[in-house]
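Colleague: Predicted structure and sequence below. I'll ask about it afterward.
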Amino acid sequence: MLRRKKIPVALYLIMALVFQVVILSGCVDQHQKKANTDKGTDARLIATSFATAQLCDKMDMDLVGVCDTYQNLPKRYKDLPKVGMAMGPDLEKIKELKADYVMGPNTLEEGLSPKYESINQKALFLNLKSVDGLYESATILGDKFGKKETAAQLNEEYSQYKKSLKDKYKGKKKPKVLILMGFPNSYVVATDTSYVGSLVKELGAENVYSDQKLDFIIANTEDMNSKDADIILRCAHVFPDDVAKMFAEEFKTNDIWKHFKAVKEDKVYDLDPDLFGMSAKFNYPKAYKQLGEMLYGDK
């Protein structure tokens, strides 16, 4: 078990919200529904997450509002009105912008959909839980907002990249992988349906916790050890510096970790939070490159 740290009440509230979203995300219908085109390129749109804004930029789409984020937004959106963080957008600011749609990842649909309904705001939730989902979302935006050719070009480029990726790792021995998603004072296990899990699966590795219903699950260390993972990947959902310290302390002070195969063989890796977050972004080739080095020793 983790040793609890004293952290501010405000941080507990943030983490409670994050954890609720994480666990409930598996209950959301992840299948995209095609919608009728309305207003096309003239639609007033708001992107409520960084990954969504990046996708809109790739699709050459104009926005009227964008999320607050610690990441560098595409230049064309930097001076737009900000509508708050992805998990807690400012409804009053959204109302002021009179948007036709707000857009964000469908992992947040469970918590945000009722809030948007309360202000009669239409919302479009996109499947950004995998790279495949990212490009499927590009197709949906293209169909809905008059960018079909742009979406088709992006998908063709991805198709070629994906084929080369499959060929590169075809026939290689599959390592067994344990993925931990950390918060400042706790962690959960990431399954194949999480973003990081989808990357690991795409490279042909075996996630020791596969689950088609939930993105993240809670497991005790004894059960984790019994899975005999070759590699442990540690990633952060929020506050990456705090999470890195948490993992370092946990692995140092909890004696059970020294019995893990991956720990014995020094195959525990901390993932770059800019590459391995909760949503697929267009820096995924760098993510695949780093994962290839960790999983197969590629250089």
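Modeller: Yep, it's here. Please read these numbers as outputs of a predicted model, since none were measured by experiment. Residues are numbered from 1 along each chain as shown.
Colleague: From here on, just use CA atoms for contacts and neighbour counts.
Modeller: Noted.
Colleague: Give me the contact list for the helix or strand residue 200 falls within.
Modeller: Using DSSP states H and E, residue 200 maps to helix 195-202. By CA atoms under 8 Å, 6 or more residues apart in numbering, the residues outside helix 195-202 that reach it are 128-131, 166, 179, 190-192, 206-207, 276-280, 288, 291.
Colleague: Distance check, residue 66 against residue 175.
Modeller: Between residue 66 and residue 175 the computed distance is 40 Å (CA to CA, to the nearest Å).
Colleague: Looking at the two, which is more packed in?
Modeller: Between residue 66 and residue 175, counted using other CA atoms under 10 Å, residue 66 has the larger neighbour count: 29 against 17.
Colleague: Go ahead and confirm the more buried one touches residue 80.
Modeller: Yes: the criterion here is CA atoms under 8 Å, and residue 66 meets it with residue 80 at 6.5 Å.
Colleague: Cross the contacts of helix 195-202 against strands and list the overlap.
Modeller: 179, 190, 206-207 (DSSP state E).
Colleague: Quickly name whichever of these is closest to residue 246.
Modeller: Closest approach to residue 246 among the ones in strands among the contacts of helix 195-202 (CA to CA): residue 179, at 15.4 Å.
Colleague: so the closest one touches residue 236, yeah?
Modeller: No: judged on CA under 8 Å, residue 179 makes no contact with residue 236 at a distance of 10.7 Å.
Colleague: contacting residues for residue 178?
Modeller: Neighbouring residues of residue 178 by CA under 8 Å, 6+ apart: 189-190, 207-209, 224, 229, 231-233.
Colleague: again but with residue 240, I slipped
Modeller: Shown in contact with residue 240 (CA under 8 Å, 6+ apart): residue 273.
Colleague: just the strands in the stretch 101-250 of the chain please.
Modeller: Under the criterion DSSP state E, counting those that start in this stretch, strands of the stretch 101-250 of the chain are mapped to 101-105, 123-126, 176-183, 186-190, 206-207, 216-217, 231-236.
Colleague: Ok, which of the ones you listed comes nearest residue 160?
Modeller: Closest among the strands of the stretch 101-250 of the chain, using CA to CA: strand 123-126, at 23.0 Å.
Colleague: strands paired with the closest one, and their directions?
Modeller: Partner strands and pairing direction for strand 123-126 (DSSP bridges) are strand 101-105 (parallel).
Colleague: Quote the end-to-end distance of stretch 88-99.
Modeller: The first and final residues of stretch 88-99 sit 17 Å from each other (CA to CA).
Colleague: what's the offset of that stretch from the middle of its chain?
Modeller: Remark: stretch 88-99 is offset 23 Å from the chain centroid, using CA atoms, centre = their mean, to the nearest Å.
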